[in-house]
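In: Any chance you can model this:
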Amino acid sequence: MLLYREEQVIDVPPRPPAEGEVAWIHLRQPNDDEVQRILGDLFGCHPLVIEDVLHFGQRPKLDQYAHLQRPQVFITFYALEEPLEAREFCMVLGQDFLITVDRTPIAELDEVKRRVRENPAAMASVGRLLHQILDLCVDHYVQRIDRLEERMDALERHVFDHPNARVAGTIFRLKRQVGRVRRIISDGRNVIGACAHEAFPYTDERDTVYFLDVYDHATRAVDTLDAIRDGLSGLLDLQTAQRSNRMNEVMKTLTVFSTLFLPLNFIVGLYGMNFQDMPELHWRYGYLYVWCLLIAVGGAMMVYFKRRGWW
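Out: Numbers count the residues shown, from 1 in each chain. Reported below is the predicted structural model:
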């Protein structure tokens, strides 16, 4: 347990903090007995809080238990790891303590631990400590999403340069990931908004502006995800349009050549008829004449198509 006391942060065995102290207990992959001992026996948490801590897999939320002798707040939140992997953790807040619980290592919590050791004032109150955790998580949201935006731009260039590239599967997987992450960040933004509200018991007016700043960053992340999701849908449309344009070019070329040979086939068919009394049948220069006629007709049609912009 980290304990803030007299402008210092020290490590002590888990215990309820005394007056003027702020405690932070981080439970990493705890078993049921440890959760019951720390949350239930030591800090008197509500049974619903203990149940939520034992059963992960919830969307971000904030529950207040103001009717207890020691009012508490339960928060479920997510950190975002590469590549767009959401990792859940939960927090239990009291007037002078904060308990964090995770099932997988959360780099943001380790980073906050390092920061409060270097700057004990960041743990002077539960509200400040909560802000440190939420702010770092949201900052990493923005960084991961910016990288995703760069990846989408590269994918867009690839589709534009290679219309026949097989990217539909990649795009659909990214869309599912973006949709899942957007729901998590959107709900997390609501949690941050509740923390910034004046009715939240563990922040004062000086802290509110910092939570509003985190809220703005979360809003930016949600807006960027919306733009990425629309861009991915547009990317599929772009590839379809590129393929259609390519097919149209192929069909236009084939049509031009088919049209070009149509009158030539007519001429060859005309002179290929087996009638005895045909003009030019016994003409000495008949073969050369037909060749000149074919070349002239074909050349005239090519010039006509070129001037019309069909070829």
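
In: For this structure, which segments are assigned as strands?
Out: 2-5, 8-11, 22-28, 61-65, 72-81, 85-93, 97-102 (DSSP state E).

In: would TSV of these with distance to Arg243 and mean pLDDT be doable?
Out: All C-beta atoms are positioned from the backbone trio N, CA, C, and that covers glycine. As requested, the strands of the chain are exported to TSV (distance: least, CB to CB, whole Å; pLDDT from 0 to 100):
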stretch	distance to Arg243	mean pLDDT
strand 2-5	58	88
strand 8-11	60	87
strand 22-28	50	91
strand 61-65	44	89
strand 72-81	34	90
strand 85-93	33	91
strand 97-102	46	92
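
In: Can you say which of those strands is nearest to Thr259?
Out: For Thr259, the closest of the strands of the chain is strand 85-93, at 56.8 Å, according to CB to CB.

In: Mind listing the strands the closest one pairs with, and their directions?
Out: strand 72-81 (antiparallel), strand 97-102 (antiparallel) (DSSP bridges).

In: Can you list the low-confidence ranges for the stretch 151-300 of the chain?
Out: 163 (pLDDT under 70).

In: domains of this protein?
Out: 2-243, 247-308 (automatic domain parsing).

In: Tell me which of those domains is the most buried.
Out: The highest mean neighbour count among those, using mean count of other CB atoms under 10 Å, belongs to domain 2-243: a mean of 17.

In: and the gap between the closest residue to Leu84 other than its chain neighbours and Val222?
Out: Nearest residue to Leu84 in three dimensions, chain neighbours excluded: Gln177, at 4.7 Å (CB to CB, 6 or more residues apart in numbering). Counting by CB to CB, to the nearest Å, the separation of Gln177 from Val222 is 15 Å.

In: mind listing what the most centrally placed residue in the chain touches?
Out: With distances taken as CA atoms, centre = their mean, Val178 lies nearest the centre of the chain, 3.4 Å away. With contact taken as CB atoms under 8 Å, 6 or more residues apart in numbering, Val178 is in contact with 84, 148, 225, 228-229, 232.

In: next one: Thr170
Out: Leu155 are the contacts of Thr170 under CB under 8 Å, 6+ apart.

In: got it, and the one 10 residues further on?
Out: Applying CB under 8 Å, 6+ apart to Arg180 gives the contacts Ala86.
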